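Asker: have a look; sequence and predicted model below, questions after that.
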Amino acid sequence: MLYTFPGATGIKTGTTDAAGKCLVASAQRNGDELIAVVLHSQDRYSDARNLLAWGFEHWSTVEVVHPGEVLAQVPVQGGQQPMVPVEAMHSVWLSLPNQETYHINATLKFLKAPVARHQASGFITVTTPGQPAVVTSVQTMQSDAAAVHHHRWWIIRGK
């Protein structure tokens, strides 16, 4: 397999009475790495090649959330600005069937000024059908000081 399957990176064979002829094979293409596990097979090499080829053809790994990307705006009570943008603290990568959709839901805190840059402000949940949800924290992308109220005072002197 290492010489006949494009992108093959590793292989381990084994045979037991309980599992029969087995094979674990890995391959990498376009930045995606897949691992095929074949148990109790009559043609473990062909089965592994077919699984890997199917995976590369029908699945993709994509970065669906990037740090530095504005995900939402959070209200700031008493701030100089009514809202501050938030970003994910970490990237979120998903392996998805091609053409599959995903949804991003934000659960955000209401903040009171002063707000610090990189202040924790909630989390996002990324969901896609048939897979566990991925959750990551979000943080503010900028600070926001408390609003300064200027008062003018006049002293009037009478005669």
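Answerer: Ah, there it is. Numbering: from 1, shown residues only.
Asker: Ala113: neighbour count?
Answerer: 16 (other C-beta atoms under 10 Å). Where you see a C-beta, it was placed from the backbone N, CA and C, and this is true even at glycine.
Asker: pLDDT of the helix or strand Gln28 falls within, averaged?
Answerer: Assigned by DSSP states H and E, Gln28 belongs to strand 20-29. With pLDDT averaged residue by residue, strand 20-29 scores 96.
Asker: each with direction, which strands does that strand pair with?
Answerer: strand 8-16 (antiparallel), strand 32-38 (antiparallel) (DSSP bridges).
Asker: list the residues that contact the residue nearest to Ser143 when sequence neighbours are not counted.
Answerer: In this structure, Ser143 finds its nearest non-sequential neighbour in Arg117, 4.5 Å apart by C-beta to C-beta, 6 or more residues apart in numbering. Listed by C-beta atoms under 8 Å, 6 or more residues apart in numbering, the contact partners of Arg117 are Thr140, Met141, Gln142, Ser143.
Asker: now the last one: phi and psi?
Answerer: Backbone geometry at Ser143, expressed as degrees, to the nearest 10, gives phi -90, psi 160.
Asker: which pLDDT does the model give it?
Answerer: If you check Ser143, the pLDDT there is 91.
Asker: and it, how far is that from Pro67?
Answerer: 17 Å (C-beta to C-beta, to the nearest Å).
Asker: re earlier: quick one: distance of the strand holding Gln28 to the chain centre.
Answerer: The chain centre lies 27 Å from the centre of strand 20-29; the measure is C-alpha atoms, centre = their mean, to the nearest Å.
Asker: stretch 125-135 too?
Answerer: 10 Å.
Asker: SS state for Leu51?
Answerer: Under DSSP: H, G, I helix; E, B strand; the rest coil, Leu51 falls in the helix class.
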